[in-house]
Every structure is written in C-alpha cells, then in structure tokens.
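Student: using only what follows, build the 3D model:
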Amino acid sequence: QLRLVESGGGLVQPGGSLRLSCAASRFILENYAIAWFRQIPGKAREGVSCISHTDGRKTYADSVKGRFTISRDNAENTVYLQMDDVKPDDAAEYFCAAGGICYTNPSDFLVWGQGTQVAVST
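Tutor: Modelled structure (predicted):
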C-alpha cells in the first residue's frame with residue numbers, strides 16, 4: 001500500500017521555526033508532485049505549498065510566501081516544509097499529498113499522509 005508519513009509537528013512560539021517531513025513508503029517521491037496542505041477543524045483543507053517533479057517548480061500560498069520553504073531530498077525519499085517566522089494563523093494539522101501535478105484541488109491528489117499537528121503558542 002502506498003503511504004506517506006508526516007512528522008515534525010509540535011508546539012512552536014510565534015516567530016519560531018519548525019521543519020515538517022513527508023516520507024514515502026513503497027513508492028519514490030521524486031516521481032510525483034508533492035504538496036502540503038493544512039486544515040483546522042470546521043474549515044476546508046488549504047493548500048500551503050507544492051513542488052513539481054518535472055521542473056522542480058515550487059508554489060506557495062500567499063499567506064506563507066517568504067516564510068515557508070518546500071524542498072526535496074531524493075536520497076532520503078523525503079519532502080520537507082521549512083516553516084520560519086511562524087504565526088498563530090499557521091496553527092493547523094498539516095498533511096502531505098502526492099499527485100501527478102501540483103493540483104489546486106485536494107481531491108485530485110492520489111496519496112495522503114495521516115497528518116502532523118502544528119500548534120503556535122507563547
């Protein structure tokens with residue numbers, strides 16, 4: 001079974017940093033576009049960032065541009081989301097997903113992880 005596993009979530013203070021990881025089981029991440037989404041209870045899943053597997057292009061939501069960085073480590077079969085200058089509005093459960101391209105609709109992604117929680121508090 002194809003699987004993604006997120007890790008790295010936790011409690012961070014405003015202005016702090018976290019690095020989320022998305023590791024693949026039973027498939028090779030570099031053959032897929034990988035996206036990060038986030039969701040808070042009662043709201044729709046929001047796209048945060050995506051990295052293409054064809055040209056390496058990276059896209060970001062306006063709310064995280066200049067603060068978050070997505071990257072791949074193909075040797076580790078892992079995609080990262082570096083979160084810097086974290087704000088209270090970044091608190092959510094973060095999910096990674098694999099797909100053919102960087103779709104804007106979450107339902108177009110084929111494989112999802114179980115999520116990792118990010119909390120922001122002083």
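Student: once you drop chain neighbours, what's closest to the spatially most central residue of the chain?
Tutor: Residue closest to the mean C-alpha point of the chain, counted by CA atoms, centre = their mean, is residue 36 at 2.5 Å. Among residues not flanking residue 36 along the chain, residue 48 sits closest, at 4.4 Å (CB to CB, 6 or more residues apart in numbering). C-beta coordinates here come from the backbone N, C-alpha and C atoms, glycine included.
Student: any idea whether the one you found is helix, strand or coil?
Tutor: Here residue 48 is recorded as strand under DSSP: H, G, I helix; E, B strand; the rest coil.
Student: touching stretch 75-89 from outside, list them.
Tutor: For stretch 75-89, the surrounding residues in contact (CB atoms under 8 Å, 6 or more residues apart in numbering) are 12-24, 28-30, 34, 36, 48-49, 51, 63-64, 67-73, 90, 94, 96, 118, 120-121.
Student: run the last query once more with 7 Å
Tutor: Residues outside stretch 75-89 that contact it (CB atoms under 7 Å, 6 or more residues apart in numbering) are 12, 14-24, 28-29, 34, 36, 49, 51, 67-73, 90, 96, 120.
Student: which among those residues count as buried?
Tutor: 12, 18, 20-24, 29, 34, 36, 49, 51, 68, 70, 72, 90, 96, 120 (16 or more other CB atoms under 10 Å).
Student: tell me if I'm right that the residue nearest to the centre of the chain and residue 93 touch.
Tutor: No. The criterion here is CB atoms under 7 Å, and residue 36 misses it with residue 93 at 11.2 Å.
Student: any residues in contact with both of those two?
Tutor: With CB under 7 Å, 6+ apart, residue 36 and residue 93 have no common neighbours.
Student: is it true that residue 107 lies in a strand?
Tutor: No. The assignment for residue 107, made by three-state DSSP, is helix rather than a strand.
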